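**Student:** Test case, fold it:
(4 chains)
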Protein chains: 4
Amino acid sequence: MIKAGIVGGTGYTGVELLRLLAAHPEVKLEVITSRSEEGMPVAEMYPNLRGHVELCFSVPDMAVLKACDVVFFATPNGIAMTMAAELLDAGVKVIDLAADFRLQDAQEWAAWYGQPHACPELISEAVYGLPEVNREAIRTASLVANPGCYPTAVQLGLLPLIENGLVETANLIADAKSGVSGAGRKATVATLLGEASENFKAYAVSGHRHLPEIRQGLQQATAEKIGLTFVPHLTPMIRGIHATCYAVLKSAKVDLQAVFETRYADEPFVDVLPSGSHPETRSVRGANTCRIAIHRPQDGNTVVVLSVIDNLVKGAAGQAVHNMNIMFDFVEDYGLQGIPLIP
Amino acid sequence: MIKAGIVGGTGYTGVELLRLLAAHPEVKLEVITSRSEEGMPVAEMYPNLRGHVELCFSVPDMAVLKACDVVFFATPNGIAMTMAAELLDAGVKVIDLAADFRLQDAQEWAAWYGQPHACPELISEAVYGLPEVNREAIRTASLVANPGCYPTAVQLGLLPLIENGLVETANLIADAKSGVSGAGRKATVATLLGEASENFKAYAVSGHRHLPEIRQGLQQATAEKIGLTFVPHLTPMIRGIHATCYAVLKSAKVDLQAVFETRYADEPFVDVLPSGSHPETRSVRGANTCRIAIHRPQDGNTVVVLSVIDNLVKGAAGQAVHNMNIMFDFVEDYGLQGIPLIP
Amino acid sequence: MIKAGIVGGTGYTGVELLRLLAAHPEVKLEVITSRSEEGMPVAEMYPNLRGHVELCFSVPDMAVLKACDVVFFATPNGIAMTMAAELLDAGVKVIDLAADFRLQDAQEWAAWYGQPHACPELISEAVYGLPEVNREAIRTASLVANPGCYPTAVQLGLLPLIENGLVETANLIADAKSGVSGAGRKATVATLLGEASENFKAYAVSGHRHLPEIRQGLQQATAEKIGLTFVPHLTPMIRGIHATCYAVLKSAKVDLQAVFETRYADEPFVDVLPSGSHPETRSVRGANTCRIAIHRPQDGNTVVVLSVIDNLVKGAAGQAVHNMNIMFDFVEDYGLQGIPLIP
Amino acid sequence: MIKAGIVGGTGYTGVELLRLLAAHPEVKLEVITSRSEEGMPVAEMYPNLRGHVELCFSVPDMAVLKACDVVFFATPNGIAMTMAAELLDAGVKVIDLAADFRLQDAQEWAAWYGQPHACPELISEAVYGLPEVNREAIRTASLVANPGCYPTAVQLGLLPLIENGLVETANLIADAKSGVSGAGRKATVATLLGEASENFKAYAVSGHRHLPEIRQGLQQATAEKIGLTFVPHLTPMIRGIHATCYAVLKSAKVDLQAVFETRYADEPFVDVLPSGSHPETRSVRGANTCRIAIHRPQDGNTVVVLSVIDNLVKGAAGQAVHNMNIMFDFVEDYGLQGIPLIP
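**Tutor:** Model prediction:
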């Protein structure tokens, strides 16, 4: 049993971490912090946790956090980078579910996130926590930058094509659709049921913060220059991301299905569907699985990859638990074996 | 490990049984039948089960079913009553999730279900599977009639009041709201998303099949005559039942909160919320829990009980698994420990 | 053509007023105020109005408002009562869609709304704008208190029973369900899609502000003492209220269907459905109609009245326009002839 | 006043036609046919039409239809092609909302629709009813093939780019998302609320019937070869299509905003939004408007066009009424002036 702490647990990634860690056979939940909700029982804010989690929110206390084996940051961007160093120095492993350590370039980070990076010296130490790419590095990492939700769905969909040099990399397209929980639990007009239900729209077409993160991940897989158009959309549901990725094939003579099946053969959380399938977001609701299907419509030169995840699990808290399992040498699917709910 | 079979597994109660039994530590899924889908892998119809259930649907075969320790009927009404006797004779325990054995009066059954009862001699042998009322009888039962979804929510909400003689029984009201999964997975116009979404309506106000079942359950708790008005409504969501029950108090001098807390003190799946609470259906989504709150608005003579369940779990498959656990002397919450998903 | 102004037009009642008034043959929209959005074109906040409304939001200016023939208050509670007197003195007719003038008792108002009433002397002058009850008074009124959404649905459902002395008035029950637009357009966590979708709950069971308003309206129809239990619920959809009303009949010998049909025979916006019907909220979406069905389950002594409205139309902006039409002697359904959208 | 008939009016396009025609100042609804629902009042199936449409469904009767000035086919594919000739011979104008006359090539039609074309000789006579392309031909047409929903949204989004030779035509991408009403009102499991809500998926990626229709429309605008990848998705809402179109620019030196604004300057039903906008499907709900926004992310060589319509209005019934208005020389927006409902 290890001791785990969560900083900033009132948001959707926080409650999802609690749901997963509460059922984890090797984890004891030690502390969950929130300045604004100090003293409130977690189960009062999240009634699904009644009977499962007895903790109350508490004000962040470094001494308490340092007594943990691992600390998760489920905070807004910009918090982890101010606290991580001290925890790492104390020998605590840190997994940041926010974006603070995802980009390798501190200046690019500052440009996209609208603030200077408070701790650029830790960036090179941080391992980007996409296990399907960085499993070995994660194993020995002290600081893991947990990937964003869109970047997880899009990279898993496009990487096999790029790693194998199968597509033109200059005009990649990722048309992604997300449920509203991706926007978090903060009160905003745009995500009210009265505004977001019975409605569909694109947003941030001119540039979304996940664009540089995806581009960086794809670029690391090839020497060719990556050109990516990324368009996120808001879809009227709570959970789920569906990425529809388009690329132009260099050659028609390739068994795409085999490429993907081989690439992910040993991955416990990537499920390549049979040829001709259409993955549904609900098929992974609550699960840490990414399901992928590959199409080549009309046997043309355009490949279409469909990739679905639960944005709060494989796109956030589940992947964080997966990373923890790897870092602490637990069985990789501990705490992640729940079966999605259908209907 | 016991061997379990499911007859008629293509509907929502069927898939929910599969989800729960697949993760049950004492159960081996042996067979799941469907005439129409013979040969189809279960996980093809229900992609959430990919990687969890390897079975294919098969045509019902008595020899195979008789080799099971327990057989669940997740069939339409009228099937279990034609097959149960033979299975019971073979020593198989039977849990019927349909309505065949819920009413004690075969003629009343025939009147409400529009067909003669095929097996009236088994009715008296059947135990009504509401553990909070019949736990001891369930322990030794061979045939369990698993309660309906509305009857579960309404009875758990009203029984403490009636058992303790606290309310006038002549004019009870149960105003119940259900998600559309209660109507099952069959293709009907009324439950299309285009018809049922962004819409709210009552239905079957003149008389719903669950009315006699609820009335029977309440009547067994008192010598006074039960008069019940039951109005079900369809609400635009997938899972969940919210029953709002109204009764007139005989006396104002009673601590209703204490009555309910005492009544359900030892029940693992009934959660009496703190005074003043408003239970949410999502707080039990996917879980076998019934959450209840008691109100007496303006300190008047009307008590309002709010009772929520997941219609497919505590209202169907979960309660069936609970009954199985009791019948086979397993720990009562085996297979039923999953934490609801919020958001 | 009359000139109309709207104070506080950024909320859902405001945009709905704009939608209706923009198509009204006798109304010229003169001004719409909002302190926070000064200068923003209305159609930028509400893209449905692009091409239909050219106005920009402006800071409230008494001179401009006084030049109107009618001013609607679509403000939070507590604003109209500070501005109405001056407008009335200038000969402007005022229709308040908030609650400032709904209760006849200023002290009761203060108790429920948590602030002293700023203008108690106008209360007796205000006419409660339920045309089916007060049409003649509305015709000559200068100040109309537009009814709340729940009160409209519940009163229209119960009044025929009470006016005709058909039911026991001591234990009336109104179980009401509303879409989330009833909570307005302000950003709150509870009405986020991530919180309110796939969920059903009661709220304010201990006492909702619409309770005294309904009670007052029912009490005015009878000398017997009204006892009412009112339980509102939040249902996962945008628009619509469904009130399910229960009362105990004094006598079984009454043709309830005829009572309702007679009561509303001349009402353009109340539609009594054929016996046995179940009105759907979507059947009135966007329309000023209240549809009602009457049931007496199992021919018992309990009458069940089902009453549906669009909370933003008959429950707010549409009824306000109806009141205006009566006050200015326009054809009653001017601007209110749109056909609901199904699906 | 002209006399209008509708063949096959029980589906969603049928009820939408009724909603629009019932309020049209120059149209008298004469007959609406349905074999299965003969004798049922239309307003019983569609309660929104209560008080607006008095017609009952009747069995198709050629004599009655021939007495109309215009007959709309809101039937499944394959019906209009067996009845159109006789009506045209009788001088009746015919507008087919199904696909029978959309493709110029009868063999291609047969291949995509799985049946031989019953009336190939009429194909060349039929005018494809996209007013923004064929207004003059529609004016004198006797037979109009009303466009499909996806083809309307995609063509309006891509045509200005193609007509002006601005993009590479070999690798166009149309990623389209539709509400479930696009699948019609027939009972199917896939469009149950229990299946389609809280879920997002692509479908028919290998080839959708609207692909050849879109390709034909785009090809007519250029001599260059059109290569199109079209991926439709099902989104959990009732109405609305959002098409996200991608193309590679030949040159960066072009004012795309001006190109679109000029192209649609005189079109009453195409609204080019200000630069940087993100159109929402709800902004056109119930309206015949197509709203379009143009983006060039990161000033790269990929243009992204966002195009939204209401699939049942501009994508079906509304466009049919628009075509009728043009054919009979009515004001183009007669019957189409309704303002969308927000929220």
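
**Student:** those helices in the stretch 101-250 of chain A, which residues are they?
**Tutor:** Taking DSSP state H, counting those that start in this stretch to define them, one finds helices in the stretch 101-250 of chain A at A:106-113, A:131-139, A:149-163, A:193-196, A:210-219.

**Student:** Just give me the neighbour total for A:Gly276.
**Tutor:** Using other C-beta atoms under 10 Å in any protein chain shown, A:Gly276 has 11 neighbouring residues. For glycine as for every other residue, the C-beta is placed from the backbone atoms N, C-alpha and C.

**Student:** can you pull the contacts of it?
**Tutor:** A:293, A:295, D:206 (C-beta atoms under 8 Å, 6 or more residues apart in numbering or on different chains).

**Student:** wait, is the first one part of a helix?
**Tutor:** If I follow you right, that is A:Ala293. No. Counting by DSSP: H, G, I helix; E, B strand; the rest coil, A:Ala293 falls outside a helix, being strand.

**Student:** who's it bridged to?
**Tutor:** A:Leu306 (DSSP bridges).

**Student:** Correct me if wrong: it contacts A:His278.
**Tutor:** Yes. Between A:Ala293 and A:His278 there is a contact under C-beta atoms under 8 Å: 6.2 Å.

**Student:** Domain ranges for chain A, per the record?
**Tutor:** For chain A, whose domains are defined here by automatic domain parsing, the residue ranges read A:2-125, A:150-311.

**Student:** Return the most buried member of these.
**Tutor:** Comparing the domains of chain A on average neighbours per residue, with mean count of other C-beta atoms under 10 Å in any protein chain shown, the densest one is domain A:150-311 at a mean of 22.

**Student:** For the contacts of A:Gly276, could you give me TSV that also reports pLDDT?
**Tutor:** Shown next, in TSV, are the contacts of A:Gly276 (pLDDT from 0 to 100):
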residue	pLDDT
A:Ala293	98
A:His295	98
D:Ser206	96
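
**Student:** Which of those sits closest to B:Val231?
**Tutor:** A:Ala293 (44.6 Å; C-beta to C-beta).

**Student:** residues in contact with the closest one?
**Tutor:** Taking C-beta under 8 Å, 6+ apart, one finds A:272-273, A:275-279, A:305-306 in contact with A:Ala293.

**Student:** Flag the shaky bits of the stretch 151-300 of chain A, pLDDT-wise.
**Tutor:** Of all residues in the stretch 151-300 of chain A, none has pLDDT under 70.

**Student:** what pLDDT does A:Ser36 get?
**Tutor:** The score at A:Ser36 is 91. That number is its pLDDT.

**Student:** And it, how far from A:Ser58?
**Tutor:** Separation of A:Ser36 from A:Ser58 (C-beta to C-beta, to the nearest Å) stands at 12 Å.

**Student:** can you check A:Lys93 too?
**Tutor:** For A:Lys93, the distance to A:Ser58 equals 21 Å [C-beta to C-beta].

**Student:** Could you export the domains of chain A as a markdown table, including distance to D:Pro116?
**Tutor:** Shown next, in a markdown table, are the domains of chain A (distance: least, C-beta to C-beta, whole Å):
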| stretch | distance to D:Pro116 |
| --- | --- |
| domain A:2-125 | 54 |
| domain A:150-311 | 23 |
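
**Student:** what's the closest of those to B:Gly157?
**Tutor:** domain A:2-125 (17.4 Å).

**Student:** and that closest one, anywhere near chain D?
**Tutor:** No. Applying C-beta under 8 Å from any C-beta of the partner chain, one finds domain A:2-125 separated from chain D by no less than 12.1 Å.

**Student:** Please see if that domain touches chain B.
**Tutor:** Yes. Judged by C-beta under 8 Å from any C-beta, domain A:2-125 and chain B are in contact via A:12, A:15, A:19, A:22-23, A:46-52.

**Student:** measure that domain end to end?
**Tutor:** End-to-end distance of domain A:2-125 (C-alpha to C-alpha, to the nearest Å): 23 Å.

**Student:** A:Gly129 contacts A:Val144, doesn't it?
**Tutor:** Yes. In this structure A:Gly129 lies within contact range of A:Val144 using C-beta under 8 Å: 4.1 Å.

**Student:** overlap in contacts of the two?
**Tutor:** Contact criterion C-beta under 8 Å, 6+ apart; residues shared by A:Gly129 and A:Val144: A:95, A:138, A:320, A:323.

**Student:** any chance of the residues you listed in JSON lines, plus secondary structure, distance to A:Ala110 and pLDDT?
**Tutor:** Formatted as JSON lines, these follow (DSSP: H, G, I helix; E, B strand; the rest coil; distance: C-beta to C-beta, whole Å; pLDDT from 0 to 100):
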{"residue": "A:Ile95", "secondary structure": "strand", "distance to A:Ala110": "22", "pLDDT": "98"}
{"residue": "A:Ile138", "secondary structure": "helix", "distance to A:Ala110": "26", "pLDDT": "98"}
{"residue": "A:Ala320", "secondary structure": "helix", "distance to A:Ala110": "24", "pLDDT": "98"}
{"residue": "A:Asn323", "secondary structure": "helix", "distance to A:Ala110": "25", "pLDDT": "98"}
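
**Student:** Get me the contact residues on the stretch 101-250 of chain A for chain C.
**Tutor:** A:179-181, A:183, A:185-189, A:191-198, A:236-238.

**Student:** could you pick out which of the residues of domain A:2-125 next to chain B are near chain C?
**Tutor:** Near chain C, by the rule C-beta under 8 Å from any C-beta, you find A:Tyr12 out of the residues of domain A:2-125 next to chain B.

**Student:** My read is that A:Glu125 contacts A:Thr140, right?
**Tutor:** No. A:Glu125 is beyond contact range of A:Thr140, at 11.2 Å (criterion: C-beta under 8 Å).

**Student:** related to what we said a few turns ago, taking the shared contacts of A:Gly129 and A:Val144, tell me the two that lie furthest apart.
**Tutor:** By the measure C-beta to C-beta, A:Ile138 and A:Ala320 form the most distant pair in the shared contacts of A:Gly129 and A:Val144, at 11.1 Å.

**Student:** which of these two has more neighbours?
**Tutor:** Neighbours of A:Ile138 and A:Ala320, each counted by other C-beta under 10 Å, are more numerous for A:Ala320; the result is 28 against 21.

**Student:** Surely the more buried one is in contact with A:Lys93?
**Tutor:** No. Applying C-beta under 8 Å, one finds A:Ala320 not in contact with A:Lys93, separated by 11.4 Å.

**Student:** what is in contact with those two at once?
**Tutor:** In contact with both A:Ala320 and A:Lys93: A:Val144, using C-beta under 8 Å, 6+ apart.

**Student:** what's the nearest residue to A:Met62 if we skip its chain neighbours?
**Tutor:** Counting by C-beta to C-beta, 6 or more residues apart in numbering or on different chains, A:Met62 lies nearest to A:Glu86, which is 6.4 Å off, once chain neighbours are set aside.

**Student:** same question, A:Val248
**Tutor:** A:Val248 sits nearest to A:Glu168 (C-beta to C-beta, 6+ apart), 4.5 Å away.

**Student:** what sits against that neighbour?
**Tutor:** Under the criterion of C-beta under 8 Å, 6+ apart, the neighbours of A:Glu168 are A:247-250.

**Student:** separation between it and chain C?
**Tutor:** Noted for A:Glu168: a distance of 37 Å to chain C, by C-beta to the nearest C-beta, to the nearest Å.

**Student:** Next up, phi/psi of that residue, please.
**Tutor:** The phi and psi torsions at A:Glu168 (degrees, to the nearest 10) take the values phi -70, psi 130.

**Student:** A:Ile32 too?
**Tutor:** phi -140, psi 130.

**Student:** for it, what are its contacts?
**Tutor:** Contacts of A:Ile32 (C-beta under 8 Å, 6+ apart): A:5-6, A:9, A:14, A:18, A:42, A:55, A:57-58.

**Student:** From chain D, how far off is it?
**Tutor:** Going from A:Ile32 to chain D by C-beta to the nearest C-beta gives 27 Å.

**Student:** what's the pLDDT at that residue?
**Tutor:** Model confidence at A:Ile32 (pLDDT) stands at 97.
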